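> here is the input, now give the coordinates:
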Amino acid sequence: MVDMNEVQQMHEKHTGVLEVQGTFDIKTPSDLGKAYTPGVAGLAKDIEAHPEDQAKYTMSGKLIPVITDGTAVLGLGNVGPGAGLPIVEGKALIYKSFAGVDAIPMALKQVSVDDIVKTIETMAPSFAGIHLEDIAAPQCFEIERRLSEDLDLPVYHDDQTGTAIVVLAGLINAAKVVGKKLEDLKVVMNGVGAGGVATANLLIAAGIKHITLVDIHGVVRSNDESYNHFQRELADQVEQADGKTLDDIIDGQDAFIGLSDANVLSKDQVKRMADSPIVFALANPVPEISPDDAHEAGAVVTATGSSQWPNQVNNILAFPGLFRGLLQSGLKHVDMQLQVNVAQGLAGLVDNVAADKIVPSVFDDGVVDAVTNAVLDYAKKA
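Residues are numbered from 1 along each chain as shown. The predicted structure follows:
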């Protein structure tokens, strides 16, 4: 467990975990003239005449913002933009520490989708890509869609795309462990928020044909107007199972993927799943079922969102290398096939796949390189 006193002292000592450092020391009048006036006037004229040179001469060619409004902080909910800042500061530090990517944390007031989109689009000339973080559904779907369509930059929402990639990577290897074909798995997706919708969409893109969506209200139907457009659109692509609740449809399922709430899956329900069930209980801080209970009920492979147990599904496996690959390749969109490629690259990094080793550790050698290379390989074929 982390000692909160140590956490507070570490962050307070340096007023956060980030600072700005120059790449050029100003020690002489000549240095000043190169870093500022009159030298920068020449650069400004060059960029005016050749806009593509902006990325070459300024940090806009390598800088991304990690943006939150604090409406959906994992395990905490709507805590506000200020309380969301430690999360995006931490993500920015991870970018630099793990992948050498320069990122800055940004907190926005909780305003309308239109205002958030307009604000980010107004700032976009300063950046090489956009990382969205902890923005609540359904607003996050619309924000990501509009920014992706409007900007000539890669736009990435970690709670959607990062989660989906790492879940798929784990499921690829979990299927190997239980001796089943990935595309033939019968999967229950419990939770249709940002992560659930994105994960289900990626599983479909990976060829999985049998998916049932469930949330706190029951099985998600495409004709149920209580769900948002993105959820209904997804439900129209998956199986419309008989039954109304998770308990009604759990029998014979090969895999349970929970991105929902604590303790919603029982041992009895795991027992009623197909032989050698796979249980990804990813709710934080308390999973849908504890791995111990799931194993006692017959689960062969379990995963959680916590480092407390084996097989932690952690977005850190994806986003540092993904954005490094995007910046190096010049790709402008994080499309589904790219995400599948990255998931396959992550899955392939596990040499000896086993029930307790379906995803690499964030500290394993080669994780960032494997993800970066998956992006670069895809870019060559795109």
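> how close does the closest residue to residue 250 other than its chain neighbours sit to residue 190?
Residue nearest to residue 250 in three dimensions, not counting chain neighbours: residue 269, with 4.6 Å by Cβ to Cβ, 6 or more residues apart in numbering. The way it works is simple: take the backbone N, C-alpha and C, and place the C-beta from them, glycine included. According to Cβ to Cβ, to the nearest Å, residue 269 and residue 190 sit 10 Å apart.
> please say which of these two ends up with more neighbours.
A side-by-side neighbour count of residue 269 and residue 190, using other Cβ atoms under 10 Å, places residue 190 first with 25 against 22.
> would you agree the more buried one is in contact with residue 255?
No. Using Cβ atoms under 8 Å, residue 190 is not in contact with residue 255, being 10.7 Å away.
> all helices of the stretch 1-150 of the chain, in order?
Remark: helices assigned in the stretch 1-150 of the chain by DSSP state H, counting those that start in this stretch are 4-13, 29-35, 39-49, 54-57, 81-94, 113-123, 139-150.
> OK, contacts around residue 173?
Applying Cβ atoms under 8 Å, 6 or more residues apart in numbering to residue 173 gives the contacts 347, 350, 353, 358-359.
> output those residues in a markdown table; the columns should cover distance to residue 312 and neighbour count.
Output for the contacts of residue 173, formatted as a markdown table (distance: Cβ to Cβ, whole Å; neighbours: other Cβ atoms under 10 Å):
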| residue | distance to residue 312 | neighbour count |
| --- | --- | --- |
| 347 | 15 | 24 |
| 350 | 13 | 19 |
| 353 | 16 | 17 |
| 358 | 10 | 26 |
| 359 | 7 | 27 |
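> and which of those is nearest to residue 218?
Top of the list for closeness to residue 218, among the contacts of residue 173 and by Cβ to Cβ, is residue 358 at 29.4 Å.
> next, the buried residues of stretch 150-163.
Using 16 or more other Cβ atoms under 10 Å as the test for burial, stretch 150-163 gives 151, 153-163.
> average pLDDT across that stretch?
Here stretch 150-163 scores 97 as its mean pLDDT.
> ok, now stretch 237-244?
Mean pLDDT, stretch 237-244: 86.
> quick check: end-to-end length of it?
Using Cα to Cα, to the nearest Å, one end of stretch 237-244 lies 18 Å from the other.
> one step back: could the helices of the stretch 1-150 of the chain be laid out in a markdown table, adding distance to residue 259?
Formatted as a markdown table, the helices of the stretch 1-150 of the chain follow (distance: least, Cβ to Cβ, whole Å):
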| stretch | distance to residue 259 |
| --- | --- |
| helix 4-13 | 26 |
| helix 29-35 | 47 |
| helix 39-49 | 44 |
| helix 54-57 | 36 |
| helix 81-94 | 18 |
| helix 113-123 | 22 |
| helix 139-150 | 14 |
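> and those: which comes nearest residue 305?
Nearest of these to residue 305, taken as Cβ to Cβ: helix 81-94 at 14.4 Å.
> could you measure the residue nearest to residue 303 when sequence neighbours are not counted against residue 188, distance?
Distance criterion Cβ to Cβ, 6+ apart; nearest residue to residue 303, sequence neighbours excluded, is residue 311 at 3.9 Å. With the distance defined as Cβ to Cβ, residue 311 ends up 18 Å from residue 188.
> more crowded one of these two?
residue 188 (24 against 21).
> and that one, what element?
Taking DSSP states H and E as the criterion, residue 188 maps to strand 186-190.
> direction included, what does that strand pair against?
Strands that pair with strand 186-190, judged by DSSP bridges, come out as strand 210-215 (parallel), strand 255-258 (parallel).
> lowest average pLDDT across those strands?
Lowest mean pLDDT within those: strand 210-215, at a mean of 96.
> re earlier: ok, which of the strands paired with strand 186-190 comes nearest residue 41?
Of all the strands paired with strand 186-190, it is strand 255-258 that lies closest to residue 41, at 55.9 Å by Cβ to Cβ.
> after that closest one comes which helix or strand?
Sequence-wise, the next helix or strand downstream of strand 255-258 (DSSP H and E) is helix 267-271.
> give the other helices and strands that the helix or strand just after that next one contacts.
The helix or strand immediately downstream of helix 267-271 is strand 278-281, counting by DSSP H and E. Judged by 3 or more Cβ pairs under 8 Å, 6 or more residues apart in numbering; DSSP states H and E, the packing partners of strand 278-281 are helix 163-178, strand 255-258, helix 291-296, strand 301-304.
> for the residue nearest to the spatial centre of the chain, give me its contacts.
The residue lying closest to the centre of the chain (Cα atoms, centre = their mean) is residue 162, at 2.0 Å. Contact analysis of residue 162 by Cβ under 8 Å, 6+ apart lists 156, 315, 318-319, 322.
> likewise for residue 178?
Shown in contact with residue 178 (Cβ under 8 Å, 6+ apart): 254, 276, 278, 300-301.
> noted, bye for now.
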